[in-house]
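Visitor: need coordinates for the following:
(chains A and B, ligands or ions: 2)
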Amino acid sequence: MPAKRYTFPAITLHWLMAVLLIGLFGLGLYMSDLPLSPDKLMFYSWHKWAGVSAFLLVLLRLAWRVGHPPPPLPEAMPRWQQAASHGLHHLLYLLMVAIPLTGWLMSSAKGFQTVYFGIVPLPDLLGKNKELGELLEDIHSALNFGLAGLVVAHVIAALKHHLVDRDDVLSRMLPLRQRYR
Amino acid sequence: MTLLRLTLAALLLASGSACAVEFNQFQADRSTLQFVSKQMGVAVNGRFRKFAATLAFDPARPTAATARLDLDLASVDAGSADADVEVVGKSWFNVKLYPTATFVSSAIRPLGGDKFELAGTLTIKGRTHDVRAPFTFSQAGGNGVFDGTFVLKRLDFALGDGIWSDVSTVANEVQIKFHIVAAPAAGSK
Ligand code: HEM
Ligand code: HEM
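Guide: Ligands and ions are numbered 1, 2, ... in the order given. Predicted structure coming up:
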């Protein structure tokens, strides 16, 4: 019989990344509007370090997921909703991979190498190119707003399951004691 | 006529003639002046688009050589559009008051082989400090090529005062890399 809950690592990674990504989103918006100052340079570095961390975490998460498939959705859920749920989750993963990648490429194209925590230099896969840098900045930004929109839908869906359908879809992702129904 | 002179010059060079060749015709479009600053520990490249060198260097008599460099600070490319605007402003170069930086050599010393050391004074933003820069001299296509690097401390020249004086975000050390190309003096063969 398949498990009813997400595994502990899956739950930990989900919530750790949720907090990290929301923080990164806010920091990204805030820092890019600041006038140039030492603080701005510092925030950019923090954003890049945290963004690279998010990238490493999502790789870890995907690797874990391959061996630990999510629990099946409630039988009562209509087919289209199950398909929408799977589709949305795949899109979320796709964006969690694509956003840091565009951030990294953008930084290279703008001529500012990414050095993880100021220690580990990531290779510049692109040479300095102003137009390409600006294009990647727009893509990074657009993907981020895409992610934000999907996360809002994701949260509404989770709350709907919990409050309207009263199923275990939210609780099986919560880091609480096992709850059997 | 020109052909004859070129042939002669080539013969003289090939025979290792001790005839003095003084390189003193600065080639602006082949020369570069770059710098590397460290921002949050990450190297960021910049350069000056406009500068002029006045020099006289005879490899046979290096100690008699002289060099002077005038650079147009407003021609800076500091790595990004934001930085270009910031760095010409008051807390950095303050180009309104100090449009140019100047280097004047005081001594050139051979270090053996194609290596030399250049000493002189650098004036930026009204502050003058001594600098020393090792460089190599080579010849390419009949021109003299001077390649050297040195490190200056930006705060010595009050570059980046106020909020920028915190060297943990932008390091005090800035590496300068020069690549100067000069043709031989007309008729110095
Ligand atoms: C999942 C991780 C990431 C998220 C959620 C994220 C989010 C954001 C957001 C919301 C912005 C503001 C966009 C705008 O102003 O419209 C931004 C900007 C930026 N991000 Fe990210 N980012 C992530 C990863 C990265 C990574 C890994 C790097 C680089 C290594 C990076 C580099 C940048 C840079 C340089 C900007 C500023 C662009 C500019 O205005 O000059 N980001 N990011
Ligand atoms: C940046 C924010 C978030 C991202 C990127 C995100 C991403 C994801 C992904 C990819 C999954 C699928 C897990 C898998 O099947 O492997 C998932 C599941 C889930 N998320 Fe989020 N999430 C975020 C925030 C939230 C928030 C704030 C809530 C709270 C309401 C939430 C509730 C859930 C629930 C209940 C599940 C389990 C769905 C199921 O059992 O099928 N998520 N999340």
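
Visitor: which stretches of the chain have low pLDDT?
Guide: Reading this off chain A. A:1-3, A:177-181 (pLDDT under 70).

Visitor: you answered for a different chain; I wanted chain B.
Guide: In chain B, residues with pLDDT under 70: B:1-19, B:187-189.

Visitor: mind checking how far the spatially most central residue of chain A is from A:Leu41?
Guide: When chain A is reduced to its mean C-alpha position, the nearest residue by Cα atoms, centre = their mean turns out to be A:Met96, at 3.9 Å. In this structure, A:Met96 and A:Leu41 are 26 Å apart, going by Cβ to Cβ, to the nearest Å. Placement of C-beta: from N, CA and C, glycine included.

Visitor: picking that back up, skipping adjacent residues, who's closest to the residue nearest to the centre of chain A in space?
Guide: Excluding its sequence neighbours, the residue lying closest to A:Met96 (Cβ to Cβ, 6 or more residues apart in numbering or on different chains) is A:Val58, at 4.3 Å.

Visitor: pull out the buried residues from the helix or strand containing the one you found.
Guide: For A:Val58, the element it lies in under DSSP states H and E is helix A:38-67. Neighbour-count burial for helix A:38-67 flags A:38, A:40-55, A:57-58, A:61, A:65 (criterion: 16 or more other Cβ atoms under 10 Å in any protein chain shown).

Visitor: try stretch B:123-134
Guide: B:Ile124, B:Lys125, B:Val131, B:Ala133.

Visitor: can you lay out those as a markdown table showing secondary structure?
Guide: Formatted as a markdown table, those follow (DSSP: H, G, I helix; E, B strand; the rest coil):
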| residue | secondary structure |
| --- | --- |
| B:Ile124 | strand |
| B:Lys125 | coil |
| B:Val131 | strand |
| B:Ala133 | strand |
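
Visitor: could you dump those to a markdown table with distance to B:Val85?
Guide: Formatted as a markdown table, these follow (distance: Cβ to Cβ, whole Å):
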| residue | distance to B:Val85 |
| --- | --- |
| B:Ile124 | 19 |
| B:Lys125 | 17 |
| B:Val131 | 27 |
| B:Ala133 | 29 |
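
Visitor: show me the two of those that sit farthest apart.
Guide: Largest separation among the buried residues of stretch B:123-134 by Cβ to Cβ: B:Lys125 and B:Ala133, giving 19.6 Å.

Visitor: what segments of the chain are helices?
Guide: No chain specified, so I'll use chain A. Taking DSSP state H as the test, the helices found in chain A are A:8-32, A:38-67, A:79-109, A:130-160.

Visitor: looking at chain B here, not the other one
Guide: Ranges of helices within chain B are B:2-14, B:81-87, based on DSSP H.

Visitor: residue contacts, residue 153?
Guide: You didn't pick a chain, so chain A it is. A:Leu88 (Cβ atoms under 8 Å, 6 or more residues apart in numbering or on different chains).

Visitor: to clarify, I was referring to chain B.
Guide: B:Lys153 makes contacts with B:Asn172, B:Glu173, B:Val174, as judged by Cβ under 8 Å, 6+ apart.

Visitor: hmm, back to that, looking at the helices of chain A, spot the one closest to A:Tyr116.
Guide: Of the helices of chain A, nearest to A:Tyr116 by Cβ to Cβ is helix A:38-67, at 5.2 Å.

Visitor: quick check: B:Val76 vs chain A, distance?
Guide: Remark: distance between B:Val76 and chain A (Cβ to the nearest Cβ, to the nearest Å) = 14 Å.
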